[in-house]
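Chemist: One predicted model, sequence on top.
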Amino acid sequence: MYKQIAARAPDSTDAFVRARRALAGGVDSPVRAGAAVGAPTPFIDQAHGARVLAADGREYIDYVCGYGPVLLGHADPRVSERVSHAVANGAIFGATHHEEVRLAERLLALFPSIERLRFVTTGTEACMSAVRLARSLTRREKIIRFEGCYHGHSDEMIFSAGASTMTGPTVASGISGGVIHDVLVLPYNDIFAVDRTLRGRRNEVAAIIVEPICGNMGLCLPAPKFLEGLRDLCRSFGVILIFDEVITGLRVGSGGAQALYGIRPDITCLGKALGGGLPIAAFGGRGDVMAKLAPDGPVFQGGTFSGNPVCVAAAHAVLDAIEGEPDFYAKLEAKSRRLADGLRRIMAQQHLEFPVVQCASMIDFMFRRGQPHQTMAQAREADANRYARYYHAMLERGILLPPSQFELMFLTAAHDEDDIDATLRAANDSLRISAAQG
């Protein structure tokens, strides 16, 4: 499966020391430093299917999966072949091309709420651009978002955002007072707080941006009627509803969470799994909203790499693979459910009360007793030290988990029954060890 590595690299701890001399903090994204688990994540040299090969020669069953983008499996040949062909014909044109338009048409067919869209490179760009667009349409400045929802690392989105950010709304974090003034952060799943805020800030709020299924404070599902309530309130108060489906867009189904819950947002942000491992994202919505974008309207948004033929080719390959297998999502769901049910059985056998949450190919449990959490405040109740012990025990048994319990386990089409069996055996042992150690 893997190409031969001539000389084994030092372990990740030694490699991290070297990385810190050249990279700020030793990483290009903070979660990779592994602060929450007390050690950097393994340095990875290769990835194929459901497995990754670390620089020290160890192989792991991977449940990080790039934090969501890997849906088919690492180095899927269908994606690799299309990308290689695209690169051979020019990696970037600086001009519109037919495949870019065809990809947009395919996404419009999958997401009826999107009448026009624009491609960008990252989810951060998509969410940032969506908010700018909403302000232009409404002529209002404030936005509402929710604690624990991560919409990228722009100034407006990065504080109180869950996951590994834990950034506070202060100038020490690089956030200006003006930005803080314009962002209203409310508890996720609290529709009454949204109602009170909109009534008290009448004609001030331009948009509500939300992860319809939250994946950055652990897996947090929307409470019954929460999304419907947001839709109704936005309609009543003239507010633009933005669904951040960067994680969920192709992860929970070809029509995203909006199809799953039957909610039609005004703007949708897509990314991650769309590119099959390559960086491509998009935002789109109603025609009158998207008409505000330059060159037709006053809102500028642009990007050198937006819609480049290589990433577009990867996205076509992903959609072809999904559409070529009518039961693609059913099979992925079945594997995920088997893993989640197995974890629940282990919890019951070990008399643990940690709820396992599963939605499509996303799975999560936190070291927190009781019902599944519904807010970031509840997520913070989880035992971080116990997760760290569990993480390292799983790593020793060949299972790579995210180095923070605010992140999720992702499955891919490449995970098989043997992978799930091995994971459950490792989890059974690791949960016992983490309990015995404290």
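Modeler: Looks like it came in fine. This one's a predicted model, so the numbers in the text were calculated from it and none came from an experiment.
Chemist: quick one: I363 is in a strand?
Modeler: Yes - according to DSSP: H, G, I helix; E, B strand; the rest coil, the state of I363 is that of a strand.
Chemist: shift numbering so it begins at 331
Modeler: In the new numbering, first residue 331, that becomes I693.
Chemist: Make sure it is actually in contact with S666.
Modeler: Yes - taking Cβ atoms under 8 Å as the definition, I693 is a contact partner of S666 at 6.0 Å. Any C-beta I mention is one placed from the backbone N, CA and C, and that applies to glycine too.
Chemist: Can you give me the pLDDT of G504?
Modeler: You'll see G504 listed with a pLDDT of 88.
Chemist: ok, the closest residue to it other than its chain neighbours - how many residues close by?
Modeler: The shortest distance from G504 to any residue other than its chain neighbours is 7.2 Å, reached at D485 (Cβ to Cβ, 6 or more residues apart in numbering). Counted by other Cβ atoms under 10 Å, the residues lying close to D485 total 16.
Chemist: Which element, helix or strand, includes D485?
Modeler: Secondary structure from DSSP states H and E places D485 outside every helix and strand.
Chemist: In contact with it, which residues are there?
Modeler: 504-506, 509 (Cβ atoms under 8 Å, 6 or more residues apart in numbering).
Chemist: likewise P552?
Modeler: With Cβ under 8 Å, 6+ apart, P552 has these contacts: 519, 542-544, 591.
Chemist: could you check the distance from it over to D512?
Modeler: P552 is 25 Å from D512, where distance means Cβ to Cβ, to the nearest Å.
Chemist: and for I693 and S666, which residues touch both?
Modeler: L741.
Chemist: list the contacts for the residue most central in space within the chain?
Modeler: Centroid-nearest residue in the chain: I577, 3.5 Å away (criterion: Cα atoms, centre = their mean). By Cβ under 8 Å, 6+ apart, the contact set of I577 is 398, 541, 543, 545, 602, 692.
Chemist: Make JSON lines from the residues you listed and add neighbour count to it.
Modeler: Converted to JSON lines, the contacts of I577 look like this (neighbours: other Cβ atoms under 10 Å):
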{"residue": "G398", "neighbour count": "23"}
{"residue": "E541", "neighbour count": "26"}
{"residue": "I543", "neighbour count": "23"}
{"residue": "G545", "neighbour count": "28"}
{"residue": "K602", "neighbour count": "28"}
{"residue": "M692", "neighbour count": "21"}
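Chemist: can you tell me which of those are in strands?
Modeler: When DSSP state E defines the strands, the subset of the contacts of I577 inside them is M692.
Chemist: Look up how far E541 lies from D657.
Modeler: For D657 relative to E541 (Cβ to Cβ), the value is 27 Å.
Chemist: just the helices in this protein please.
Modeler: Using DSSP state H, the helices found in the chain span residues 342-352, 407-418, 428-440, 453-468, 507-512, 521-530, 556-567, 586-591, 617-620, 639-653, 658-679, 706-709, 714-726, 747-766.
Chemist: Which one of those lies nearest to P733?
Modeler: Proximity to P733, assessed across those by Cβ to Cβ, is greatest for helix 714-726 (6.4 Å).
Chemist: which outside residues touch that closest one?
Modeler: Taking Cβ under 8 Å, 6+ apart as the rule, helix 714-726 contacts 366-369, 372, 390, 696-697, 730-731, 733, 735, 756-757, 759-761, 763-765, 767-768.
Chemist: again with stretch 683-703
Modeler: So stretch 683-703 is contacted by 393, 401, 543, 545, 547-551, 577, 581-583, 659, 662-663, 665-667, 669-670, 673-674, 677, 708-709, 711-714, 716-717, 720, 735, 738-742 (Cβ under 8 Å, 6+ apart).
Chemist: Now do that stretch: distance from first to last residue.
Modeler: End-to-end distance of stretch 683-703 (Cα to Cα, to the nearest Å): 13 Å.
Chemist: out of the contacts of P552, which is most surrounded?
Modeler: C544 leads the contacts of P552 on contacts (other Cβ under 10 Å) with 30 neighbours.
Chemist: how many other residues sit next to P442?
Modeler: Neighbours around P442, by other Cβ under 10 Å: 11.
Chemist: separation between it and N715?
Modeler: 46 Å.
Chemist: same deal with F522?
Modeler: From F522 to N715 the distance is 34 Å (Cβ to Cβ).
Chemist: quick one: which of those two has more around it?
Modeler: N715 (14 against 10).
Chemist: Need the per-residue pLDDT for the more buried one.
Modeler: 95.
Chemist: What is the neighbour count of the closest residue to A405 other than its chain neighbours?
Modeler: Spatial nearest neighbour of A405, excluding adjacent residues (Cβ to Cβ, 6+ apart): H378 at 4.9 Å. Look at H378: counted by other Cβ under 10 Å, it has 18 neighbours.
Chemist: Same question for V582.
Modeler: So V582, with other Cβ under 10 Å, has 25 neighbours.
Chemist: quick one: it and G545 touch, right?
Modeler: No - using Cβ under 8 Å, V582 makes no contact with G545, being 10.2 Å away.
Chemist: Low-confidence regions, the stretch 431-580 of the chain specifically.
Modeler: 493-496 (pLDDT under 70).
Chemist: still on that earlier bit, show me which of the contacts of D485 are buried.
Modeler: 505, 509 (16 or more other Cβ atoms under 10 Å).
Chemist: Pull out the buried residues from stretch 559-574.
Modeler: Neighbour-count burial for stretch 559-574 [16+ other Cβ under 10 Å]: 559-561, 563-564, 567, 569-574.
Chemist: how about the nearest residue to C395, chain neighbours excluded?
Modeler: Nearest non-adjacent residue to C395, counting by Cβ to Cβ, 6+ apart: F740, 4.0 Å away.
Chemist: give me the beta-bridge partners of that neighbour?
Modeler: Listed beta-bridge partners, F740: M692 (assigned using DSSP bridges).
Chemist: Could you pull out the buried residues of stretch 730-740?
Modeler: Quick answer for stretch 730-740 (16+ other Cβ under 10 Å): 730-740.
Chemist: one step back: quickly name whichever of the buried residues of stretch 559-574 is closest to S466.
Modeler: Out of the buried residues of stretch 559-574, the member with the shortest distance to S466 (by Cβ to Cβ) is I570, at 10.0 Å.
Chemist: Skipping adjacent residues, who's closest to the closest one in space?
Modeler: Excluding the flanking residues, the one nearest I570 by Cβ to Cβ, 6+ apart is A464, at 3.8 Å.
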